[in-house]
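Colleague: model this:
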Amino acid sequence: MRIEDYALIGDCQTAALVGRNGSIDWLCWPRFDSAACFAALLGGPENGYWKIAPAAGAAAVSRRYLPDTLILETEFETAEGTVTLTDFMPVRSAQSDLVRIVTGKRGRVTMLSEGVLRFDYGASIPWITLGADGRELRAVAGPDLALLCSPVPLEQRDRKTVARFEVRAGETFTFVLTHAESHLSVSVRVDAQKALQQTEAFWKRWSARCTIGGSWAGPVKRSLVTLKALTYAPTGGIIAAPTTSLPEKIGGVRNWDYRYCWLRDATLTLLALMDAGYYDEANAWREWLVRAVAGSPQQMQIMYGLAGERRLPEFELPWLSGYEGSKPVRIGNAASAQLQLDVYGEVIDALYQACKGGVAGHDIAWNLQRSLLEHLAKVWAEPDAGLWEIRAPPRHFTYSKIMAWVAFDRAVKMVEGFNAPGPVERWRELRERIHADVCANGFNRKRNSFVQSYGADALDASLLLIPMSGFLPAKDPRVVGTLEAIRRELTQDGLVLRYRAHEADDGLPPGEGVFLACSFWLADNLCMQGRGDEAQETFERLLGLANDVGLLAEEYDPAGRRLLGNFPQAFSHVGLVNTAMNLYQHEKPAEQRAEKKAA
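Modeller: Take a look at the predicted model:
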């Protein structure tokens, strides 16, 4: 199915994608970044899936989340009757469970449950045994155990697990799939109805803490619920997406593993959480950030694992054909070893914004920041791989230098505003030197625009963050010129590309969709320049790209009118939340970060 035909369910430790046809085609157990139980999304049905739907096929389908929750309801309407399929994952304790409840609403409908259990991204075929009455299935492969409890007898046919049953109005059939380590017994059998009530209560309590109202409160809350679902509760880390290798171009090679935590998202994510009233989550993210980067500043990475893991080796899975033939399927991410100078500014800015927002003071984290600043003072003038992890020779990316300026600017503000100790005069001098360097080398006077890298002509959507970083005011002629150049040359159907690969020489074949986070930045720039009507028009256009349950991927293909890239994408939903607040909230993330006092 198309990417937008999927919905997300999860338990704040792992997640699954459920298709409009009632099929679960992607499920990671026991953690977001661990072996997938179902991988049909990337390799076809033989690699695992679990579908519950009318046996006769062709049915009208509608679906929704229960308000302010991550509980998905899919309604199948046939000539014989109507059935609702409720999918959710109870908030996790010792094990991970997936519950599917089939409820008859009208008439009688013959339903079919059909699945293929696989582990290790479809590579491992488990040994399957059925209980005496056929209502319990155990699947074991190495360290993994899956236990399927069914209300009706199950059968094994052609390596598939199937059950056919008839549902009448008022009847309920409940299926529970549980994962456990194979050397342990399943500790708790799920009471599905109780779990449903508890799960609904959990999400409603969490959503009720949201302080955002207004006409766009609905999509904002859905984005915040999605961000919570992408949070690994034990550590507070927030992953970019729960999937790997969903392509940025159908049939292409730009297929990356996004089941990690990126530092580039840090400040924008923190502001979104704080401004929406979620200080516990903001504090957990801040603490994850401090733990992740702790250590030698020379070893700071651009991304980490859920608990701050550093070794994220990239390799390919040749037995998977890829989403719609998009190969290779990759696990791990080699970009984790790149030098990206912007992340130093992201970390310093995030910790400064946390301190300013009351999340935490300058405790031990300040000593860590001083160490990062000392290292950055030595390397800021070096070339790097840039924000977008270009797999080509390093260069002097303008945005990387701007974020080096941000690092020293926030360090100065920590001394001035919070009495933090440090060599403030040296930091001021570095701040001024970097600012002058960027303005002299990153701005192309002939184009009247900042450019992607020193001496280049190519544009880059990261330059839209200049006014939000506080580097220059939004109405500075150079910022206005950059915005107009990007709107003129770096958009497709009014939405923003990250850059044009054939101009930027990024080491890969060209071709990808418009980048949704960058398109939200366009709306933010228009808002900061006082062009509120244009900003709102752009924002509402972006809202219209979300699927029927309010989820956004990383990118969008305006020609094919479909979502692209890993899904759902935290960066896109952070952009939605912040832009909504920039448009109608008193506390505007863009102004908070820029502080309206930019030089």
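Colleague: am I right that Arg106 is in a helix?
Modeller: No - counting by DSSP: H, G, I helix; E, B strand; the rest coil, Arg106 is not found in a helix; it is strand.
Colleague: that one: how many residues sit nearby?
Modeller: For Arg106, the neighbour count with other C-beta atoms under 10 Å is 14. For glycine as for every other residue, the C-beta is placed from the backbone atoms N, C-alpha and C.
Colleague: Ala169 is in contact with that one, correct?
Modeller: Yes - if you go by C-beta atoms under 8 Å, Arg106 and Ala169 touch, sitting 5.5 Å apart.
Colleague: and for those two, which residues touch both?
Modeller: Gly81 (C-beta atoms under 8 Å, 6 or more residues apart in numbering).
Colleague: what's the pLDDT at His362?
Modeller: Predicted confidence (pLDDT) at His362: the value is 58.
Colleague: so who does the closest residue to His179 other than its chain neighbours touch?
Modeller: Spatially, and ignoring its direct neighbours in sequence, His179 is nearest to Trp29 (4.2 Å; C-beta to C-beta, 6 or more residues apart in numbering). Contact partners of Trp29, counting by C-beta under 8 Å, 6+ apart, are 14, 35-37, 96, 144, 146, 179.
Colleague: so which of those is the most crowded?
Modeller: Going by other C-beta under 10 Å, Cys37 tops those with 32 neighbours.
Colleague: for that residue, which non-adjacent residue is closest in space?
Modeller: Leu27 (4.6 Å).
Colleague: quick one, phi psi at the one you found?
Modeller: phi -150, psi 120 (degrees, to the nearest 10).
Colleague: tell me how many other residues crowd it.
Modeller: Leu27, neighbours per other C-beta under 10 Å, totals 29.
Colleague: from Glu287, how far off is it?
Modeller: 29 Å (C-beta to C-beta, to the nearest Å).
Colleague: cool, Asp11 as well?
Modeller: 21 Å.
Colleague: try Asp133
Modeller: In terms of C-beta to C-beta, Asp133 sits 48 Å off from Glu287.
Colleague: for the residue nearest to His179, phi and psi?
Modeller: According to degrees, to the nearest 10, Trp29 has phi -130, psi 150.
Colleague: tell me which residues of stretch 153-165 are tucked away?
Modeller: Judged by neighbour count (16 or more other C-beta atoms under 10 Å), stretch 153-165 contains these buried residues: 154, 161, 163, 165.
Colleague: please look at Asp11 and Val99 and confirm they touch.
Modeller: No - applying C-beta under 8 Å, one finds Asp11 not in contact with Val99, separated by 10.4 Å.
Colleague: now the common contact residues for these two.
Modeller: By C-beta under 8 Å, 6+ apart, the residues touching both Asp11 and Val99 are 89-90.
Colleague: rewinding a little: of the buried residues of stretch 153-165, which belong to helices?
Modeller: Per DSSP state H, helices hold no members of these.
Colleague: name the nearest of those relative to Ile486.
Modeller: Thr161 (51.8 Å; C-beta to C-beta).
Colleague: so Met414 sits right up against Trp366, yeah?
Modeller: Yes - between Met414 and Trp366 there is a contact under C-beta under 8 Å: 7.2 Å.
Colleague: sorry, back to before: for Asp11 and Glu287, indicate the residue with more neighbours.
Modeller: Asp11 (22 against 17).
Colleague: and that one, what does it touch?
Modeller: With C-beta under 8 Å, 6+ apart, Asp11 has these contacts: 89-92, 96-97.
Colleague: please apply the same query to Ser34.
Modeller: 14, 28.
Colleague: measure it to Glu314 for me?
Modeller: For Ser34, the distance to Glu314 - C-beta to C-beta - is 16 Å.
Colleague: same check, this time on Val424
Modeller: 41 Å.
Colleague: what do you get for Ala36?
Modeller: For Ala36 relative to Glu314 (C-beta to C-beta), the value is 17 Å.
Colleague: now Glu171
Modeller: Applying C-beta to C-beta to Glu171 and Glu314 gives a distance of 49 Å.
Colleague: and what of Tyr258?
Modeller: On the measure of C-beta to C-beta, Tyr258 and Glu314 end up 12 Å apart.
Colleague: which neighbours do those two share?
Modeller: Counting by C-beta under 8 Å, 6+ apart, the residues touching both Tyr258 and Glu314 are Asn333.
Colleague: domain parsing of this structure, as residue ranges.
Modeller: 3-184, 213-594 (automatic domain parsing).
Colleague: would you map the strands across the stretch 1-150 of the chain?
Modeller: 6-10, 15-19, 23-28, 36-38, 49-54, 60-65, 72-77, 81-88, 96-116, 127-130, 136-141, 144-149 (DSSP state E, counting those that start in this stretch).
Colleague: immediately after the last one, which helix or strand?
Modeller: Same thing as strand 144-149. Going down the chain from strand 144-149, the next helix or strand is strand 155-157, by DSSP states H and E.
Colleague: could you list the paired strands of that following strand along with their orientation?
Modeller: Using DSSP bridges, the strands paired with strand 155-157 are strand 160-168 (antiparallel).
Colleague: who touches the strand it pairs with?
Modeller: Residues contacting strand 160-168 (C-beta under 8 Å, 6+ apart): 55, 81, 83, 102-104, 107-117, 128, 137, 148, 150-156, 173.
Colleague: buried only: go through those residues for me.
Modeller: Buried among the contacts of strand 160-168 by 16+ other C-beta under 10 Å: 81, 83, 102-104, 109, 111-117, 128, 137, 148, 150-151, 154, 173.
Colleague: flag the shaky bits of this structure, pLDDT-wise.
Modeller: Low-confidence segments of the chain (pLDDT under 70): 93, 187, 361-364, 504, 586, 596-599.
Colleague: ok, 50 please
Modeller: 597-599 (pLDDT under 50).
Colleague: for Leu563, pull up the helix or strand it's in.
Modeller: Counting by DSSP H and E, Leu563 is found in strand 562-564.
Colleague: neighbouring strands - and their directions - for that strand?
Modeller: strand 555-557 (antiparallel).
Colleague: all strands of the stretch 151-300 of the chain, in order?
Modeller: 155-157, 160-168, 172-181, 231-232, 237-238, 261-262.
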